[in-house]
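**Student:** kindly return the folded structure for what I paste below:
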Amino acid sequence: MKLLMSARVSIEGVGLVALVAVTVFVDACGGYGSAAPPGAGGSSGSLDAAVDVTAGPTLDATATPDFQLRAEFTGPCALSPGEIDVNLGNSPEAFVRAAYCQINGSEPPADTVTSWAGQLRTVGYVRRVDVVRTLCTAAKRGCALTYSDPWQADLPLSPTCARKTTRDLGAVLMFFSACPNGVNCGMDWANTHASGMNAAAPLLAFGTSPVNYYNPRNAGFWYRELNDAAWAGLQFFLINTYGPDLQGTPDQLAMLGQARAKAGPAVKVALFDDPSAWGQASSPPPFNARPDLSDTEAAAQAIYTAKWKPFYSRIDRQYWYQFQSRPFIYFYNAGTLNPLNASAAVVTRLKQLFAADFGVTPFVAVETAYFQDPAMPTVADSQFTWNTLASGTMSHSTLGGVTLDHFMVKWDPLGRDKPGAIATSADGILKGTDLLTTRLSDSQDASVAVIATWNDLGEGTGIERNYDYYIGGAWSPPTAFMGVTRAAQCAE
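**Tutor:** The predicted model follows:
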């Protein structure tokens, strides 16, 4: 079951702070489910026309990036009458001073600096934004926030990886980021930020556009993610597809196709069928009517014709990720499709429909919820549990002799689920790379391992390139998590 919520999002980058309506789907059972509005999308037409951005010097791609921090903040101590820069100051002490000065216009008390600096180094759930919001409350000031880039340059990566493992490693890729001011792009919605969220960036350049946004209606979005994933040692992306996102102009899968032609086949793609959009009043037809799994043929036809067939019809077969020579599909539930005890026949029929059109039977990994149907173990090719943070264990399946491991390694949905809240120990904030390192080690003998997710900004599960990972009182490089997967998958 999903709940509708509204989020206050501060949009930064064009001298504007706005209140925008954002629809969020949150697991009502307290889970960490994939989340996005069923009709998520961005504006059509040129995405980089409205923002004046200087592209700067062209940087050569490298396999060994050396990210350099900008100079430390040393003052002067001055009141900011506008937005408060959450990312000003590198060391905890310099940051607390920079925040206090912006908010109050005076030097902070020594014990304020010492207390917050210590918490940033030692208390895992304390975030820079929590410090800023607490100081704003103490000053009785309503603060609009901005998040500058602490690095001198965001370096492009050369997509080179000499693979050293037999395990195929993939990640769930979200493509509902309607930047600069749409869903999954509010700067206060996410705790860490990708280039191109609030202002067009050179890193997202493609074709004749020297800058662009973190938006899947821009081929540069796909090209950057494909190149970064190749550098990180991934073999595939599971494209998180709601259904309505296969509609609209410009065509997002066409943008993927353009990027694919330039990036090559190093990272292939597969379908993550996310049914969250089915049955929502805001969804366009046919997604506004939820399939009934007890009607096997009608449900299978609805799902196949609306999602499975159009997705694979629009992806060149050479770029399909295939396991055991079969296209790979993740079939998620999201508490949406029912009755669960009638799901096996629907999956069987979906496979038949796919085979009839494409001449090959897909390899379908099915979420654990569907195994309430006692026939599912003989129908599914593998099994996964989406939310592995709830149990604290990795999802591990050996169905049919195939080992599939699935895991989340990062978590911070407060901006999405509790806008403006100060994090506490009860919120399950998970910031560092330790769990990713552990899960990659634990899954090294798997046939396939899947990370959930690559880039869900609002859910805070993303391991993609971000410019403001602040962990243990220090900035981690934009490749902090990607470097861990590279070390596990690639020979240097």
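**Student:** any weak-confidence spans in this protein?
**Tutor:** 1-59 (pLDDT under 70).
**Student:** could you redo the last one with a cut-off of 50?
**Tutor:** 1-57 (pLDDT under 50).
**Student:** how about the helices in the stretch 301-450 of the chain?
**Tutor:** For the stretch 301-450 of the chain, helices defined by DSSP state H, counting those that start in this stretch occupy the ranges 309-313, 343-358, 388-391, 414-417, 434-442.
**Student:** hang on, I meant the stretch 1-150 of the chain
**Tutor:** 92-104, 110-122, 128-138.
**Student:** okay, buried residues for the last one please.
**Tutor:** When you say that, I think you mean helix 128-138. Judged by neighbour count using 16 or more other Cβ atoms under 10 Å, the buried positions of helix 128-138 are 128-133, 135-136. C-beta: built from backbone N, CA, C; applies to glycine.
**Student:** that helix packs against which elements?
**Tutor:** Helix 128-138 is packed against helix 92-104, helix 110-122, with contacts defined by 3 or more Cβ pairs under 8 Å, 6 or more residues apart in numbering; DSSP states H and E.
**Student:** now what about that helix, what contacts it?
**Tutor:** Contacts to helix 128-138, defined as Cβ atoms under 8 Å, 6 or more residues apart in numbering, come from residues 84, 86-87, 95-96, 99-100, 103-104, 116, 120, 142-143, 145, 188, 191, 420, 422-423, 470.
**Student:** switch to 6 Å and redo it
**Tutor:** 84, 86, 99-100, 103, 116, 143, 422-423, 470 (Cβ atoms under 6 Å, 6 or more residues apart in numbering).
**Student:** would JSON lines of those with neighbour count be doable?
**Tutor:** Shown next, in JSON lines, are the contacts of helix 128-138 (neighbours: other Cβ atoms under 10 Å):
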{"residue": "Ile84", "neighbour count": "22"}
{"residue": "Val86", "neighbour count": "28"}
{"residue": "Ala99", "neighbour count": "29"}
{"residue": "Tyr100", "neighbour count": "23"}
{"residue": "Ile103", "neighbour count": "20"}
{"residue": "Trp116", "neighbour count": "25"}
{"residue": "Cys143", "neighbour count": "20"}
{"residue": "Ile422", "neighbour count": "16"}
{"residue": "Ala423", "neighbour count": "21"}
{"residue": "Tyr470", "neighbour count": "22"}
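**Student:** go through these and say which is closest to His406.
**Tutor:** Ala423 (26.0 Å; Cβ to Cβ).
**Student:** quick check: the gap between the residue lying closest to that closest one once chain neighbours are set aside and Ala488.
**Tutor:** Spatial nearest neighbour of Ala423, chain neighbours left out: Tyr125 (4.7 Å); criterion: Cβ to Cβ, 6 or more residues apart in numbering. Distance, Tyr125 to Ala488, by Cβ to Cβ, to the nearest Å: 26 Å.
**Student:** and Asp292, by the same measure?
**Tutor:** Taking Cβ to Cβ, one finds Asp292 at 43 Å from Ala488.
**Student:** comparing those two, which residue is more hemmed in?
**Tutor:** A count of neighbours by other Cβ atoms under 10 Å puts Ala488 above the other of Asp292 and Ala488, at 21 against 15.
**Student:** the more buried one against Ser441, yeah?
**Tutor:** No - taking contacts as Cβ atoms under 6 Å, Ala488 lies outside contact range of Ser441: 7.6 Å.
**Student:** what about Phe481, how many residues close to it?
**Tutor:** Phe481 sits with 25 neighbouring residues when counted by other Cβ under 10 Å.
**Student:** which element is it on?
**Tutor:** Here Phe481, judged by DSSP states H and E, is contained in helix 480-489.
**Student:** can you list contacts of the following helix or strand past that helix?
**Tutor:** The helix or strand immediately downstream of helix 480-489 is strand 490-491, counting by DSSP H and E. The contact list for strand 490-491, computed with Cβ under 6 Å, 6+ apart, reads 161-162, 164, 233.
**Student:** strand 490-491 pairs with which strands, and in what direction?
**Tutor:** Here strand 490-491 has these sheet partners by DSSP bridges: strand 162-163 (antiparallel).
**Student:** show me how far whichever helix or strand comes after the partner strand is from its chain's centre.
**Tutor:** Later in the chain than strand 162-163, the nearest helix or strand by DSSP H and E is strand 168-174. The chain centroid and the centroid of strand 168-174 are separated by 10 Å under Cα atoms, centre = their mean, to the nearest Å.
**Student:** now for the next helix or strand after strand 168-174, which elements pack on it?
**Tutor:** On the C-terminal side of strand 168-174, the closest following helix or strand by DSSP H and E is helix 219-231. Secondary-structure packing of helix 219-231 (3 or more Cβ pairs under 6 Å, 6 or more residues apart in numbering; DSSP states H and E): helix 252-263.
**Student:** now the very next helix or strand once past the helix it packs on - C-alpha only, CSV.
**Tutor:** The helix or strand immediately downstream of helix 252-263 is strand 268-273, counting by DSSP H and E. The C-alpha coordinates for strand 268-273 follow below in CSV (Å, rounded to 0.1, in the frame of the first residue of the first chain):
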residue,chain,number,x,y,z
LYS,A,268,23.3,-3.3,-20.7
VAL,A,269,19.7,-2.7,-19.5
ALA,A,270,16.9,-4.8,-18.2
LEU,A,271,13.3,-4.1,-17.1
PHE,A,272,12.4,-3.4,-13.5
ASP,A,273,8.6,-3.6,-13.6
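**Student:** next, the angle from strand 268-273 to helix 252-263.
**Tutor:** Computed by axes from the mean of the first three to the mean of the last three Cα atoms, to 10 degrees, the angle separating strand 268-273 from helix 252-263 equals 160 degrees.
**Student:** got a quick ChimeraX command for the buried subset of the contacts of strand 490-491?
**Tutor:** In ChimeraX, a selection of the buried entries from those looks like this (16+ other Cβ under 10 Å):
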select :161,233
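**Student:** and which of the contacts of strand 490-491 is nearest to Glu72?
**Tutor:** Once Cβ to Cβ is applied, the member of the contacts of strand 490-491 that ends up nearest Glu72 is Gly233, at 33.2 Å.
**Student:** which residue is the nearest non-sequential neighbour of that closest one?
**Tutor:** Per Cβ to Cβ, 6+ apart, closest to Gly233 is Gln489, 2.8 Å.
**Student:** surely that neighbour and Leu234 touch.
**Tutor:** No - assessed by Cβ under 6 Å, Gln489 is found out of contact with Leu234, at 7.5 Å.
**Student:** which neighbours do these two share?
**Tutor:** Common neighbours of Gln489 and Leu234 (criterion: Cβ under 6 Å, 6+ apart): Leu169.
**Student:** neighbour-wise, which of these two wins?
**Tutor:** Neighbours were counted for Gln489 and for Leu234 using other Cβ under 10 Å; Leu234 has more, 28 against 22.
**Student:** pretty sure that one is touching Leu169, no?
**Tutor:** Yes - Leu234 is in contact with Leu169 according to Cβ under 6 Å; the separation is 5.3 Å.
**Student:** tell me how far Pro477 lies from Trp222.
**Tutor:** Taken as Cβ to Cβ, the span from Pro477 to Trp222 is 23 Å.
**Student:** the more surrounded of the two?
**Tutor:** Trp222 (28 against 19).
**Student:** not counting sequence-adjacent ones, nearest residue to the more buried one?
**Tutor:** Nearest residue to Trp222, sequence neighbours excluded (Cβ to Cβ, 6+ apart): Ala259, at 3.6 Å.
**Student:** and what of Gln322?
**Tutor:** Phe328 (6.4 Å).
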